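1. the following block contains a protein sequence and its predicted model.
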Amino acid sequence: MKVALLFFLPVWLVIGLSVELPAQSTSPFILVDQFGYLPKAQKIAVIKDPVEGYDAAAAFEPGTTYVLMNAADDPVWSGSPVAWKEGAVDATSGDRVWHVDFSEVQENGTYYLLDMENNVRSYFFNIGEAVYGEVLKQAVRTFFYQRAGFAKEPPFADPAWADAASHLGPLQDTEARLFNDRNNAVTERDLHGGWYDAGDYNKYTSWTANYVVDMIKAYRENPAAWADNYNLPGSGNGIPDLLDEARWGLDFLLRMQEPDGSVLSIVSLSHASPPSAAAGPSLYGPATTSATQNTASAFAIASVVFRSLGSLDYADQLLAAAEKAWIWSESHPNTLFYNNDAASGSTGIGAGQQEEDDYTRAMGRLEAACYLFEATGQVIYRQYFDEHYQTSHLFLWSYAYPFETNTQEVLLRYTRIPGASAEVVDAIREKYRNAMGSEHNFTAYFTTKDPYLAHLKDYTWGSNGVKAAKGSMFYNVITYEIEPNRDEYAHDAALHYLHYLHGVNPNNLVYLSNMYAFGGDRTVNEFYHTWFHNGSARWDRVGVSIYGPAPGFVTGGPNPSYNWDGCCPGGCGSTANNNLCTSEEISPPKGQPRQKAYKDFNTSWPLNSWSVTENSGGYQMAYIRLLSKFVDAAYDCNNVLNGSAFVNQCGTCMGGNTGLEDDPACQLTATRQPDDYPGLTLYPNPAGEMISIGGLSPVSHLIRIFDVTGKLLRATRLSTGEHTLSLEQLSSGLYWIRIDGGAGYTAVRKVVKM
């Protein structure tokens, strides 16, 4: 590679001289946001030297000069790494860390960071206004794949993850029965729709309501982020696709509401892979106070937004349902139901416990009062709020933290409602301002408490969702104009939590699944999920299974409390079960520094990977809300404001002023049918130096490889009986392979070269 050494490089280099540098390998110790950075944002790469934990044997000493190179291999900036805390080892990660700040580089483009002395580089990344647009789209699309009772079919579903509608058979969602009266047809309810909550398929009412509320919040916080072109069933209808997805959840909640205003608590679904194969009955739990209050909040807040968009009849329906739910819960303040609980006779109904404690139910009523006051302006709701807001932990403890962001945001939303009590508004603003100045909030940011720039006091089950929520806590300072002189710091702080989730973490991992085709270089390859279950030939793991899991799912994250099941190592019921305890290494995640307590695995009982890698609608929405604050849908994929470039189904940004007007490989993909070559498989995918092709008919085949722009790179022929293709000469990236032969079949497949 030829590099022009410009004036800003070290003096020991000859100024203006072009020299040949050997090709660099990608270093796992140079960490960047693998998707990229906004032009005017702070940009800090983290350089790590692992001292403790699973990677401690792989030491790294950074060079003194780091050069930012553009896609043409021209240097555009240079600087030196700065040691964190004068070379101290961070206890949460076990790493010694340096920072490289290249914030002054703002020009749109593709870059990598080069360690000149060690001749190693970071992953490629982009700088531009549109760097997160496609990532946001994929993150939102995960809710489509989680829909119950809706067919996932092309063109909305990628053929790799196509499936028929699930849970619509006899005694399933359209004929669901009460869990403890399942033989009584009188209890049948049509409870179809909604989302699988996580890696399990159960539908928990309170959590569904929370996801709807978060979708509405995400839209209101930054309407400019949301487009109507996500290739979803509602795309092109004039309503942002995020709100179409929220409506899918709202319509399910309307079915869950009983005529008296109460709302059923849960629908327990059967499980199989793919979801449409699930054949067991759907059973629901009774109405509860918590389910009813949370649903009232979802209906009320959504009614305001849908009314603003002109959907008046729907808004009226939602508001009426919200008020009925409020009235019922007022007269039933302690109606409880514990699912999957032997004492309640509900063993096997759902998995997670959806019932709430006294404090959480109290905050649920406060939330409903806030959103009903906003929707109606009625004094009764304002009075309730004014009389109870000081019972929140923010006021009782004077402490803001990411495990209670929902209640904190309810308080903040009240400060924006016309007619809110002025003294209450002032008290909330002052309390949040002071709480955000505390040790684990702005003080942690200003003192760089975490070398990875995303401080979290407690790492628990679901830490990735907590990280995302923490980032939004900082951004709330901007949204609610809490302390304008700290807006710039709040903006940068929030972004660092996003960068953490995008690869600037001790595991050098994007905590989203299978994002190789959308800019990720090292992303989650597998996670606990019933559909993408361990051992699945199609969906278990990227690079091993044919497809791996669908893209964009946020996984649980580092969990220092992880352990194998209590029956291990020798009490799991049989020799075969006991052998499962030692079927693979569990350190990591066990026995690691807190931020390294993660493993990319999908092993079920008794290794119980779900406490580390399982997805959740809650984690997903926390991430979506944080990410969407930094997206402007008016920029096309080529970073042109109001431009016409678009990402086609091959993952290529084309049209507009890209200079790419034709993509032969993508045209082939667009016209093919999912079964154009029955039984054909390419694996592993992503691939290394070789890829195997299964299901070929016993004739020779013409193989053509295209890059993402449709440029033909290579044409070769596999003779009869050959089943492997060399990718050795290709650099890492996304490619399209066309296969012709055998009974006239033609196939085009997407392949990622690692």
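-> Received the coordinates, thanks.

2. need the helix or strand of the protein with the lowest average pLDDT.
-> For the chain, the helix or strand with the lowest mean confidence is strand 2-4, at a mean of 43 (criterion: mean pLDDT, DSSP states H and E).

3. strands of the stretch 1-150 of the chain, residue ranges please.
-> Counting by DSSP state E, counting those that start in this stretch, the stretch 1-150 of the chain has strands at residues 2-4, 18-20, 25-26, 30-31, 36-37, 44-50, 66-70, 75-79, 82-83, 95-101, 109-115, 120-121, 125-127.

4. could these go into TSV alongside mean neighbour count and distance to residue 386?
-> For glycine as for every other residue, the C-beta is placed from the backbone atoms N, C-alpha and C. Formatted as TSV, the strands of the stretch 1-150 of the chain follow (neighbours: other CB atoms under 10 Å; distance: least, CB to CB, whole Å):
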stretch	mean neighbour count	distance to residue 386
strand 2-4	14	65
strand 18-20	9	71
strand 25-26	12	57
strand 30-31	27	47
strand 36-37	26	43
strand 44-50	24	43
strand 66-70	22	54
strand 75-79	18	53
strand 82-83	14	49
strand 95-101	22	46
strand 109-115	21	52
strand 120-121	20	58
strand 125-127	22	47
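
5. now those strands as CSV including distance to residue 683?
-> Below are the strands of the stretch 1-150 of the chain laid out as CSV (distance: least, CB to CB, whole Å):
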stretch, distance to residue 683
strand 2-4, 37
strand 18-20, 38
strand 25-26, 23
strand 30-31, 30
strand 36-37, 30
strand 44-50, 32
strand 66-70, 34
strand 75-79, 39
strand 82-83, 44
strand 95-101, 35
strand 109-115, 29
strand 120-121, 29
strand 125-127, 28
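
6. pull out the buried positions in stretch 425-440.
-> Buried positions in stretch 425-440, judged by neighbour count with 16 or more other CB atoms under 10 Å: 425, 427-429, 431-433, 435-436, 440.

7. contacts for stretch 580-599?
-> If you take CB atoms under 8 Å, 6 or more residues apart in numbering as the criterion, stretch 580-599 is touched by 52-55, 90-95, 452, 459, 505-507, 509, 557-560, 562-565, 567-570, 572, 601, 603, 605-607, 609, 612-613.

8. next one: it to chain centre, how far?
-> Relative to the centre of its chain, stretch 580-599 is centred 22 Å away, using CA atoms, centre = their mean, to the nearest Å.

9. residue 654 contacts residue 660, doesn't it?
-> Yes. With contact defined as CB atoms under 8 Å, residue 654 counts as touching residue 660 (3.8 Å).

10. more neighbours, the two?
-> Ranked by neighbour count (other CB atoms under 10 Å), residue 654 and residue 660 place residue 654 first, with 21 against 18.

11. circling back: and which of the buried residues of stretch 425-440 is nearest to residue 218?
-> Of all these, residue 432 has the smallest distance to residue 218: 19.8 Å, by CB to CB.

12. give me the nearest residue to the closest one, chain neighbours excluded.
-> Leaving aside its sequence neighbours, residue 432 sits nearest to residue 482 (CB to CB, 6 or more residues apart in numbering; 5.7 Å).

13. quick check: bridge partners of the residue nearest the centre of the chain?
-> Centroid check for the chain by CA atoms, centre = their mean gives residue 554 as the closest residue, at 3.4 Å. Taking DSSP bridges as the rule, residue 554 bridges to residue 512.

14. pretty sure it contacts residue 617?
-> No. Using CB under 8 Å, residue 554 is not in contact with residue 617, being 9.7 Å away.

15. who touches both of the two?
-> Joint contacts of residue 554 and residue 617 (CB under 8 Å, 6+ apart) do not exist.

16. list of residues touching stretch 210-224?
-> Residues from elsewhere that reach stretch 210-224 (CB under 8 Å, 6+ apart): 143, 195, 225-226, 240, 242-243, 245-246, 249-250, 253, 294, 297-298, 301-302, 305, 367, 406, 409, 479, 617-618, 620-622, 624-625, 628-629, 631-634.
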